[in-house]
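Enquirer: Sequence and predicted structure, then a few things I'm wondering about:
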Amino acid sequence: MNPLGQGSYAEVRLCKEKTRDELYAIKIMNKDLLMKKSVGMSSTFMDDVKREIAIMKKLRHDHVLQLYEVLDDPKVNKLYLVLQYCKNGDLMQMTKGNARTNSCNPLTDLQVWDVTRQIMKGLKYLHDNDIVHGDIKPQNLLVDKDFVIKIADFGISKMIESSEGEKEKLLETAGTPAFMSPELCAGLAYDGYLADVYAVGATIFMLRCGHPPFVANKLIALYNKIQEDPVVFTVDDVGEGLKSLICGMMEKDPQKRYTLVDCIKDPWLQVKPGEDEKKAAPSPNIEEKTKRVEVSNDDIFNTISQATISHEERKQTEQAELSMEETERRKNAFKKKASIRQNRSFEKLDHLTMQERGSSSDESDDDDDIVAVSKLDSQEFNVVMDTLSHQTPGGGKKKQAPLPHIVVGRVLDGLPNQSLRIRAAYHSEQGKRPSQEDTVTVIMDLSELGEVLGDRSYLYRSFAFFGVYDGHSGGATSRMLQHALHLKLARNEKFFEDQHFAAVKSCEEVDREVCSELSEKDDESGSTGLFAVIDGRSKRFTVGNVGDSRAVLSRGGTAIPLTKDHRLSRADERARVEKAGGKVKSNRVNGVLAVTRSFGDVAHKTAIDAEPEVKTEIITERDEFLLMATDGLWDVMESQQAVNFVRTCLNRHHKVKLAAKEIIREALKMGSIDNVSAVIVMFNQSDGKGGGGPPTTINPKGR
């Protein structure tokens, strides 16, 4: 079962049906990640998946990818979508494209004519059924063994209800930046049907010229080009008819833009290039009215079938692990096959016309998506599973009740500060990301920093500091925070008397210094920041948060959330961004950032800042531990679920270092695709022997 593709929420594998020896593409989707709320959107990803399934199971068209079945095994936290297999990959592969250089081998006018007609037929079928695709691009146009184009990926498609003949305008945005329409880039309400037409125009431009219509080094610059710059053809021999069609489809004013019907009736599509004024036979599939597909609430509810694998079959499958040699052999064999497949060209299309047949996923956030901007953190292709059924069993992200019968007690290891009666440990793993951008700071006794705090460093003996920083678009900002924030905070004149004030002021000053250094280096990175200060004098601790990492207190086994995510899903945060002059595009700040507060991110400082939300708690005898973690953990675990997991681990072995490692590994097993870092601070630890290291440590690189 060779891998065919990898996205943020799914991977696609090639599988063979045992009895009939037929090939299928299996999209494997992680249910935990699908259930996570989309930022700023009313539906969850799971709702989108059910909609996708209900729509696709009823669609029957030669130019729309066929979905055969969906399986849900309750003992495995995955969904399996059984899809039609397209032997020749997608149009990006067929044209030997490179997403990182935003380029492909240009097709001829004749080849583009054939491809465009096929796309038009499939898209008309979708639009006649009130389905907006929302992400037309070369990667979502698959090519079967007969070189027939199939429109794929309905993960963000929308069923649009018509009201009195008017198409509803969409407020939610989705798609790939290089192929997004001007009104969508501007964050305006838009007509999804016309946005699809624009995306097809941008797609055929790229297929003909070898690159997207607009390219920029930064996403904001790309959005501006799409809205303001004219379409310029960089290939000399593009026919005037094709130029006219593309310009009509990419008209910036949606009221003047070609509709799909205008495109279908365009003279260039009716006359085959090279055949002077000789009209192609009209396509009955384009001209005739499509029979509508009806999808009811019951259809959506009953989209998923339960798998029926016996216990013995499952047990045998789970035990069937491949040897290292066999794994390597299969990977090398697949690389060879993939190379052969990707080296195919469009030579056969010279002899093909539109496939005149009756009627009959690539994930939206793929590694090979063309965004027409420089990528800083594209996902590595991950070849980790060799059978569909060899998945990690797990309960998934779920609401859980506290476990009052479990006793945590004293731990046997961890970094100690006996005067504060605390022990702590941290763990950090890269996960499936191509690089580690998380950093962690653990300082059990601030006085150990010595002379950097001046000649009164002894005053800091009653304080400990913990920080978790989640970088994005590079690790420069998170590394600077790791070495600077605790110093800035400790040196603040109000540190001993008003830590709330000191935290806010310190974040402001550090952010200003970080942004200055980033500007000098033309570095676009940013980072969230979560930190805690333990004050042994007053038996309190203060937590400050910028971004979407989280801190949770276990008080008698009950999870007490101490932070709130700074994301557009919060109405107050959305209003805050808009008041500062920021724009919400594609449910991100300025179309780029998922968080509404961060350090760094120089290009967005007019819209966001690094002001922390600060909370102070009194440490009681019922307080067991403080758990601080980056969003890679919270993507797959609820707060109480995480607290229960840590408490269960500590009850079993009483080792906080091991518990920190185990919860990170559990998050990765449950499907987290991000860097994952966590700090656990144990409270009310009695004096005694033990300790896992010196009283002060800084983790400069993560693990």
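Expert: All right, it came through fine.
Enquirer: Just grab the bridge partners of F463 for me.
Expert: D535 (DSSP bridges).
Enquirer: wait, doesn't it sit right on L446?
Expert: Yes: with contact defined as C-beta atoms under 8 Å, F463 counts as touching L446 (4.4 Å). To be clear about C-beta, it is placed using only N, CA and C from the backbone, and glycine gets the same treatment.
Enquirer: Please enumerate the shared neighbours of these two.
Expert: Common neighbours of F463 and L446, using C-beta atoms under 8 Å, 6 or more residues apart in numbering, are A490.
Enquirer: which helix in this structure runs the most residues?
Expert: Ranked by number of residues, the top helix in the chain under DSSP state H is helix 499-521.
Enquirer: Buried ones in it, by neighbour count?
Expert: By neighbour count with 16 or more other C-beta atoms under 10 Å, helix 499-521 contains the buried residues 499, 502-507, 509-511, 514-515, 518.
Enquirer: helices and strands around that helix, which ones?
Expert: Under the contact criterion of 3 or more C-beta pairs under 8 Å, 6 or more residues apart in numbering; DSSP states H and E, helix 499-521 touches helix 476-491, strand 526-535, strand 540-546, strand 599-600, strand 613-618.
Enquirer: who does the third one pair up with?
Expert: Okay, so that is strand 540-546. Strand 540-546 is paired, per DSSP bridges, with strand 526-535 (antiparallel), strand 613-618 (antiparallel).
Enquirer: Redo those as JSON lines? Include mean pLDDT.
Expert: Converted to JSON lines, the strands paired with strand 540-546 look like this (pLDDT from 0 to 100):
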{"stretch": "strand 526-535", "mean pLDDT": "97"}
{"stretch": "strand 613-618", "mean pLDDT": "97"}
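Enquirer: Deepest-packed of those, please.
Expert: strand 526-535 (a mean of 26; mean count of other C-beta atoms under 10 Å).
Enquirer: coming back round to it: so for D674, which of the strands paired with strand 540-546 sits nearest?
Expert: Closest to D674 of the strands paired with strand 540-546 is strand 526-535 (C-beta to C-beta; 11.8 Å).
Enquirer: quick check, nearest of the buried residues of helix 499-521 to H566?
Expert: C507 (12.3 Å).
Enquirer: and the gap between the closest one and A678?
Expert: From C507 across to A678, the span is 22 Å (C-beta to C-beta, to the nearest Å).
Enquirer: before we move on, what about G89?
Expert: 39 Å.
Enquirer: Repeat that for C104.
Expert: 42 Å.
Enquirer: And these two? Which one has more around it.
Expert: A678 (27 against 23; other C-beta atoms under 10 Å).
Enquirer: residue ranges with poor pLDDT in this structure?
Expert: 1-3, 5-10, 30-53, 73-77, 154-175, 275-398, 687-703 (pLDDT under 70).
Enquirer: What are the structural domain limits within it?
Expert: For the chain, automatic domain parsing gives the domain ranges 3-351, 415-699.
Enquirer: Throw those into JSON lines and include distance to V407, thanks.
Expert: Formatted as JSON lines, those follow (distance: least, C-beta to C-beta, whole Å):
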{"stretch": "domain 3-351", "distance to V407": "29"}
{"stretch": "domain 415-699", "distance to V407": "6"}
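Enquirer: Point out the most buried one among those.
Expert: Comparing the domains of the chain by mean count of other C-beta under 10 Å gives domain 415-699 as most buried, with a mean of 20.
Enquirer: circling back to that earlier point, just tell me which of the helices and strands packed on helix 499-521 ends up closest to A607.
Expert: Across the helices and strands packed on helix 499-521, closest to A607 is strand 526-535 (C-beta to C-beta), at 12.1 Å.
Enquirer: Alpha carbons of the closest one, as PDB, please.
Expert: C-alpha atoms of strand 526-535 as PDB (Å, rounded to 0.1, in the frame of the first residue of the first chain):
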ATOM      1  CA  GLY A 526       7.100  34.700  14.800                       C
ATOM      2  CA  SER A 527       6.200  32.800  18.000                       C
ATOM      3  CA  THR A 528       3.600  32.300  20.600                       C
ATOM      4  CA  GLY A 529       4.700  32.600  24.300                       C
ATOM      5  CA  LEU A 530       3.400  30.900  27.400                       C
ATOM      6  CA  PHE A 531       5.300  31.500  30.700                       C
ATOM      7  CA  ALA A 532       4.800  31.000  34.400                       C
ATOM      8  CA  VAL A 533       6.500  32.500  37.500                       C
ATOM      9  CA  ILE A 534       6.300  30.700  40.800                       C
ATOM     10  CA  ASP A 535       6.500  33.100  43.800                       C
END
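Enquirer: and that strand with helix 476-491, angle?
Expert: 30 degrees (axes from the mean of the first three to the mean of the last three C-alpha atoms, to 10 degrees).
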